[in-house]
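Asker: Provided below are the primary sequence and the corresponding predicted coordinates.
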Amino acid sequence: MLQPRWLQVLYSLGPELWLPLPLLGLLFWLGGGRLTERVLDRAYNPKVQLQAGVQPQVRRSITLLPSARVLSIDVLVQSDQGLSQVTVNPANSTLKALIFEFPVTEFSQVEVAIAQTLGWPPEKVRSLVRYQVENQ
């Protein structure tokens, strides 16, 4: 009877290799189980704890170059919600628009908030701004 070559190689290794294999498998299985049990039983004690419900105050500032051309600054004042949505329309074709929301509805406060965010003087903002008031 003709046997494949790989089967002949396995037979030539002899029982010295095949007899300890089940014992090694059993040792790996028991050792892995013990190790897994020890890792999972360990108490989890993180050094840094998360705080839920607290939002950090993040101040974002976008500085447009004074040479950057802005076509208009449109402000939609939603007085019933106490918000002002600001859209800055630049002349640059790569930047479509910048959209901001400020929690103020007074025109002077909106202009100051826009000037602080863009890093511009308030006079320049005042010359470009257009208001639309929405009351619902």
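Answerer: Received the coordinates, thanks.

Asker: who are the contact partners of the closest residue to V129 other than its chain neighbours?
Answerer: Distances taken as C-beta to C-beta, 6 or more residues apart in numbering place I73 nearest to V129, at 4.6 Å, with adjacent residues excluded. Any C-beta I mention is one placed from the backbone N, CA and C, and that applies to glycine too. By C-beta atoms under 8 Å, 6 or more residues apart in numbering, the contact list for I73 reads V86, T87, V88, N89, I114, V125, L128, V129, R130.

Asker: roughly how far apart are the fifth one and R126?
Answerer: Pointing back at I114 there. 9 Å (C-beta to C-beta, to the nearest Å).

Asker: with the second one instead?
Answerer: Plainly put, T87 is 16 Å away from R126 if you go by C-beta to C-beta.

Asker: which helix or strand contains the residue nearest to V129?
Answerer: strand 70-78 (DSSP states H and E).

Asker: much appreciated, bye for now.
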